[in-house]
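Trainee: A predicted structure for the sequence below; I have some questions about it.
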Amino acid sequence: MSSNNPIHRVSVVSTGTVDIRPEHVSSTWRPMFLWLLTSRRWTAPRPINAYVIEHRDGLVLFDTGQDRASVTDSNYFPRGFTKVLYNRLARFEITAEETLSAGLDRLGYAIGDVRVAILSHLHQDHIGGLSELINSEIVVSEREWETLSSPRPELRGLMSRHIDLPGLTWNRITPTATNDPDLSEFAGSHDLFGDGSLVLVPTPGHTPGSLSLLIRQVGVAPLLMVGDLTYDVHVFDEGHVPGVGNRRRLRAAAALVRSMRERMPDLVILPAHDPGAADRLARATGQAPVSRMP
């Protein structure tokens, strides 16, 4: 890794909040469709985070949040029984001031300034900004992209009409073997700019092609943005995995991250929907959480 720090600032933008089921946060013995159809409880509102990295080679996003159209457009979601499942899975609140564009504006940027947008995976609350990112390179794993072609993707949270949009520039990556000692647990990685500061690693389980992003800065604790590998670091630390996804693969990916943290004990884990993530990021970087609403 270069001795010069290529990263100026790392921030978080929250594109509204989501209520989910407790079984979504931490899996139980019940299969997903059983708890989804029978659960009567909701969690407290959780953030829908997109992370913003100011790199010397351009502005980078990790995830793009939830589209406000999901709460304003009655045709956003599929119809019929599939829509019932979506309504039972999550409840969203997104104001006009909580869009991705508004959050970037509070950081002093426009949506057109984004050079690269990395998608941890293709679920709706991570791809919401895609329609605005026509000037950006969109990075997703090849394995994740392949899931769009599998039977009935909408039943697995993949709405192709909001993903495969005209005018977008996709970079579908496949992690390759690495000799980076910080990544010894992982079968492969993808160095975004070739300087070691932003490195993607596969963490499948929540979806087959989920990615996490390791951020390394000089004089700052390493950050690991994990998408939906977990919804809460405290739950992760207790050994639980989410109720959505392949539990065996989730446990295997979580074990890789725990092994990484044993070698880097100051590693800061930043999930997409962790209520404590913004404060944890601010403490790690010594910066105020400037993207929060007043």
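Mentor: Good, I have the coordinates.

Trainee: Strands along the stretch 101-250 of the chain, start to end?
Mentor: Remark: strands assigned in the stretch 101-250 of the chain by DSSP state E, counting those that start in this stretch are 114-118, 137-141, 169-173, 190-191, 198-202, 211-217, 220-227.

Trainee: Need the contact partners of the fifth one.
Mentor: Around strand 198-202, the neighbours that count as contacts under Cβ atoms under 8 Å, 6 or more residues apart in numbering are 7, 53, 55, 60, 118, 139, 141, 143, 173, 175, 180, 183, 186-192, 209-216, 253, 256. For glycine as for every other residue, the C-beta is placed from the backbone atoms N, C-alpha and C.

Trainee: hmm, back to that, the strands of the stretch 101-250 of the chain: which one's closest to Thr64?
Mentor: strand 114-118 (5.6 Å; Cβ to Cβ).

Trainee: thinking again about what came up before, can you tell me which of the contacts of strand 198-202 are buried?
Mentor: Burial by neighbour count, judged by 16 or more other Cβ atoms under 10 Å, picks out 7, 53, 55, 60, 118, 139, 141, 143, 173, 175, 183, 186, 189-192, 209-216, 253, 256 from those.

Trainee: Helices of this structure, residue ranges please.
Mentor: Shown for the chain, the helices assigned by DSSP state H span residues 22-25, 32-38, 69-72, 81-89, 100-106, 142-146, 233-237, 247-263, 277-285.

Trainee: a markdown table for those helices, including mean pLDDT?
Mentor: Output for the helices of the chain, formatted as a markdown table (pLDDT from 0 to 100):
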| stretch | mean pLDDT |
| --- | --- |
| helix 22-25 | 97 |
| helix 32-38 | 94 |
| helix 69-72 | 97 |
| helix 81-89 | 95 |
| helix 100-106 | 97 |
| helix 142-146 | 98 |
| helix 233-237 | 96 |
| helix 247-263 | 96 |
| helix 277-285 | 95 |
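
Trainee: Using TSV, lay out the ones you listed together with distance to Ile134.
Mentor: Shown next, in TSV, are the helices of the chain (distance: least, Cβ to Cβ, whole Å):
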stretch	distance to Ile134
helix 22-25	32
helix 32-38	34
helix 69-72	16
helix 81-89	26
helix 100-106	13
helix 142-146	18
helix 233-237	34
helix 247-263	32
helix 277-285	28
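
Trainee: So which of these is nearest Thr169?
Mentor: Using Cβ to Cβ, the nearest of the helices of the chain to Thr169 is helix 142-146, at 13.5 Å.

Trainee: Quick check: the closest residue to Leu229 other than its chain neighbours vs Thr285, distance?
Mentor: Nearest residue to Leu229, sequence neighbours excluded (Cβ to Cβ, 6 or more residues apart in numbering): Thr203, at 5.1 Å. Separation of Thr203 from Thr285 (Cβ to Cβ, to the nearest Å): 22 Å.

Trainee: Just want the angle from the longest strand along the chain to strand 198-202.
Mentor: In the chain, ranked by residue count with DSSP state E as the criterion, the top strand is strand 7-20. Strand 7-20 and strand 198-202 are oriented at 40 degrees to each other (axes from the mean of the first three to the mean of the last three Cα atoms, to 10 degrees).

Trainee: show me what contacts the residue nearest to the spatial centre of the chain?
Mentor: Per Cα atoms, centre = their mean, the C-alpha nearest to the average position across the chain is that of Gly227, at 3.1 Å. Counting by Cβ under 8 Å, 6+ apart, Gly227 makes contact with Asp63, Ser120, His121, His126, Thr203, His206, Ser210, Leu211, Ser212, Pro271, Ala272.

Trainee: Could you do Gly112 as well?
Mentor: Per Cβ under 8 Å, 6+ apart, neighbours of Gly112: Asn135.

Trainee: try 10 Å
Mentor: Gly112 makes contact with Leu59, Ser101, Leu104, Glu132, Leu133, Ile134, Asn135, Ser136 under the criterion Cβ atoms under 10 Å, 6 or more residues apart in numbering.

Trainee: Neighbours of the third one, how many?
Mentor: Each residue near Leu104 was counted by other Cβ atoms under 10 Å, and the total is 24.

Trainee: just the fourth one next, same as before
Mentor: Burial measure for Glu132: 19 neighbouring residues, criterion other Cβ under 10 Å.
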